[in-house]
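[1] Give me a 3D structure for the following:
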Amino acid sequence: MIPVRRITILTSLSLSLACCTDVPEEGVERGRVLFATCTPCHGDDGEGNQEYGAPAIAGLPAWYLETQLEHFREGIRGAHPDDAAGLRMRPMVQTLRKASDIRSVAAYVASLPAPAPPASLRGGSADRGRAIYATCAECHGAEGRGDRARGAPDLTGASDWYLLTQLSNFKAGVRGADPRDTTGATMRPMAMALADEQAMRDVVAYIATLPEEAQ
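    Take a look at the predicted model:
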């Protein structure tokens with residue numbers, strides 16, 4: 001866990017960087033500067049870090065990144081006492097005081113090359129997961145590429161441990177229970193329909209084969 005003192009230092013750094021006169025008011029370059037406070041957890045290239053519960057975010061669509069940053073800032077996400085990673089995210093997002101800062105960070109992260117996270121989970125069956133994923137495909141697509149109109153993100157570049165964590169969070173009400181989270185409200189019953197952790201591991205194992213498997 002990142003010490004509170006370190007978070008405070010990073011927050012001060014972000015505010016100092018954001019106030020630099022030679023930094024544009026909005027855009028990818030401003031996002032690059034502001035992203036400096038994100039790198040201790042998410043990595044210089046947005047590749048993520050399982051130890052901190054920080055997912056790979058590079059290359060995710062800007063619209064999805066903006067939505068999640070706004071959710072963290074408004075307490076729609078990351079406010080549940082059992083969401084340790086989310087609780088660490090919330091004070092970091094508070095440094096993005098303007099909507100344009102959120103847009104700038106999202107634009108910069110979206111411009112980064114998407115990583116290929118290594119597999120870390122064992123015990124899942126992609127064959128069993130294929131049948132389970134049929135219900136997920138309605139929103140996330142047969143190839144797992146997501147659907148902006150439905151608020152469904154691309155799953156193909158996500159770390160397997162992160163997908164398992166979020167499915168567990170949705171199932172337990174750690175995520176998606178806030179009435180303001182409309183997409184989370186759609187996701188929760190989907191996660192709750194998964195019988196147990198084995199079913200989650202199976203569907204995550206199948207997602208790891210996308211989009212090649214779906215072609």
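
[2] quick one: secondary structure of A177?
    coil (DSSP: H, G, I helix; E, B strand; the rest coil).

[3] In contact with the nearest residue to it once chain neighbours are set aside, which residues?
    Using C-beta to C-beta, 6 or more residues apart in numbering and skipping residues adjacent in sequence, the residue nearest A177 is R188, 6.9 Å away. For glycine as for every other residue, the C-beta is placed from the backbone atoms N, C-alpha and C. R188 makes contacts with 170-171, 173, 176-177, as judged by C-beta atoms under 8 Å, 6 or more residues apart in numbering.

[4] in what helix or strand does R188 lie?
    If you go by DSSP states H and E, R188 is part of helix 182-192.

[5] Quick check: buried residues in that helix?
    By neighbour count on 16 or more other C-beta atoms under 10 Å, the buried set for helix 182-192 is 183-184, 186-188, 190-191.

[6] And for stretch 28-39?
    For stretch 28-39, the neighbour count (16+ other C-beta under 10 Å) marks 28, 30-35, 37-38 as buried.

[7] how's the chain carved up into domains?
    As assigned by automatic domain parsing, the chain contains the domains 4-111, 126-214.

[8] how distant is stretch 169-185 from the center of its chain?
    Offset of stretch 169-185 from its chain centre (C-alpha atoms, centre = their mean, to the nearest Å): 14 Å.
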